[in-house]
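> Next input, structure requested:
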Amino acid sequence: QVQLVESGGGLVQAGGSLRLSCAASGRTFRNYAMGWFRQAPGKEREFVAVISWSGGTTAYADSVKGRFTISRDNSKNTVYLQMNSLKPEDTAVYYCNADSYVAITTMTPKYRGQGTQVTVSS
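Prediction:
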């Protein structure tokens, strides 16, 4: 089992920045690709970003490309999502995920955290 705990969400004005963190425990963190999804009220869950186990490969949704950066620190069992130039449409609950790279990009990860709320005001 892998336990994932997100933090760093909050309320920010449009154009501002936030950094989300996801701390992992349980099975060896470095064995897994990590990713972030989000879900806004009344909308379907959306893929945001993914990073390979080594950190050497990343991918982003078109809606966040150039504004968000995913990274990981395997020595701290933590993955991050740096979000810049935030827009009101980025408002959602953000979920951390762990599994294979393919499982995350196809939105079928085995492990998911409880989520952290991000609210961007206009």
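
> quick one: the strands in this protein?
2-7, 10-13, 18-26, 33-39, 46-51, 58-60, 68-73, 78-83, 92-99, 111-112, 116-121 (DSSP state E).

> my read: residue 98 touches residue 32, true?
Yes. Using Cβ atoms under 8 Å, residue 98 is in contact with residue 32, at 4.3 Å. Backbone N, C-alpha and C define where each C-beta goes, glycine included.

> list the residues that contact both of the two?
Taking Cβ atoms under 8 Å, 6 or more residues apart in numbering as the contact definition, residue 98 and residue 32 share the neighbouring residues 2, 24, 111.

> Okay, and the beta partners of the residue most central in space within the chain?
Ranked by distance to the mean C-alpha position of the chain (Cα atoms, centre = their mean), the top residue is residue 36 at 2.5 Å. According to DSSP bridges, residue 49, residue 96 are recorded as the beta-bridge partners of residue 36.

> residues in contact with it?
Residues near residue 36 by Cβ under 8 Å, 6+ apart: 20, 22, 48, 49, 50, 70, 79, 81, 94, 95, 96, 97.
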